[in-house]
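Trainee: Need coordinates for the below:
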Amino acid sequence: MEARRDVFQAIADPTRRAIIGMIAEQPVNVNTIAEQFDVSRQAISLHLKILTECGLVNVQQQGRERLCEARLEKLNEVHEWVQQYHHLWTSRLSALKNFLEEEAGKSPKKKSKKSKK
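Mentor: Below you'll find the model as predicted:
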C-alpha cells in the first residue's frame, strides 16, 4: 500500500515548483508545460501525477487538451508550518538583539592610547 503523498513532497522538487509557478496565474495545457522543460513528456506526466495526488493541481480534459489548474490553497499547509518557525526565530533574534544592546551598554569605554603629559 502506497502512502498518501503530501504537499511537502510536491514542493520538494524544483521541476514541480516550476510547474506550480507556470499554472498559478491561469490554467495551462500539458503540452505547453512539457515544452518548457528539458525532460521527457513522461517525466512531466509523473510530476503532474504527484502534484495531482497532493491536491496542488487539478487536471481536466477539455476537448483534445488536458488543462492543468493550480489549487494553491493547499500551500497553506506549508505556510502554517513555516510560520511557526518564523515566530520562533523572530523571537530568538529579537532576544539576541536585546542582549547585545544591553552588553554594549555595559562594556567600559575603550581608553585612548595617547599618553598624558
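
Trainee: just the strands in this protein please.
Mentor: In the chain, the segments counted as strands under DSSP state E are 28-29, 57-62, 65-70.

Trainee: possible to save those as TSV with mean pLDDT, mean neighbour count and distance to D13?
Mentor: Glycine gets a C-beta too; all of them are placed from N, C-alpha and C. Below are the strands of the chain laid out as TSV (pLDDT from 0 to 100; neighbours: other CB atoms under 10 Å; distance: least, CB to CB, whole Å):
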stretch	mean pLDDT	mean neighbour count	distance to D13
strand 28-29	94	17	18
strand 57-62	92	14	13
strand 65-70	93	18	16
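
Trainee: would you turn the ones you listed into CSV with distance to I11?
Mentor: As requested, these are exported to CSV (distance: least, CB to CB, whole Å):
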stretch, distance to I11
strand 28-29, 18
strand 57-62, 12
strand 65-70, 12
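
Trainee: Can you say which of the ones you listed is nearest to N76?
Mentor: For N76, the closest of these is strand 65-70, at 13.2 Å, according to CB to CB.

Trainee: The closest one pairs with which strands?
Mentor: Sheet pairing of strand 65-70 (DSSP bridges) gives strand 28-29 (antiparallel), strand 57-62 (antiparallel).
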